[in-house]
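Engineer: model this:
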Amino acid sequence: MTRHLAHTDWCARDHRCNLSEHRSESIVVDLPGHGRAVLTRVQVSNGRQHAEIRVRVALAVTEPAARRQLAGLLTDLRQVVTRAAIAARPRPRRAA
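Structural biologist: Okay, here's the model as predicted:
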């Protein structure tokens with residue numbers, strides 16, 4: 001069972017809010033001919049917030065180069081997710 005959540009300050013307050021989620025307007029970074037990234041802030045039914053990121057990157061024409069690009073993207077994405085997870089951890093309290 002899901003509970004109704006009030007709209008947040010950043011919520012788009014339109015059709016993007018569905019299935020007990022609240023979604024912001026998307027932030028788009030577009031590099032014509034090279035790629036595009038879309039970031040959306042999401043709050044799910046349990047109140048937890050997430051960043052939803054979609055990335056589209058133009059791949060090289062040759063298969064070996066495209067595979068190298070994909071490997072590099074996966075490595076970079078792993079670093080991004082790891083950095084975000086570390087930043088989200090609570091900091092230990094200092095002894096007084």
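Engineer: which strand or helix spans His7?
Structural biologist: According to DSSP states H and E, His7 maps onto no helix or strand at all.
Engineer: that one contacts Cys17, doesn't it?
Structural biologist: Yes - counting by Cβ atoms under 8 Å, Cys17 is a contact partner of His7 at 7.2 Å. In this view, the C-beta of every residue, glycine as well, is placed from N, C-alpha and C.
Engineer: these two: who's more crowded?
Structural biologist: Using other Cβ atoms under 10 Å as the criterion, His7 and Cys17 rank with Cys17 on top: 17 against 11.
Engineer: am I right that that one is in contact with Thr8?
Structural biologist: No - counting by Cβ under 8 Å, Thr8 is not a contact partner of Cys17; they are 9.9 Å apart.
Engineer: from Asp9, how far off is Ala87?
Structural biologist: Distance, Ala87 to Asp9, by Cβ to Cβ, to the nearest Å: 21 Å.
Engineer: for Val42, grab the count of nearby residues.
Structural biologist: Val42 - counted by other Cβ under 10 Å - has 16 other residues nearby.
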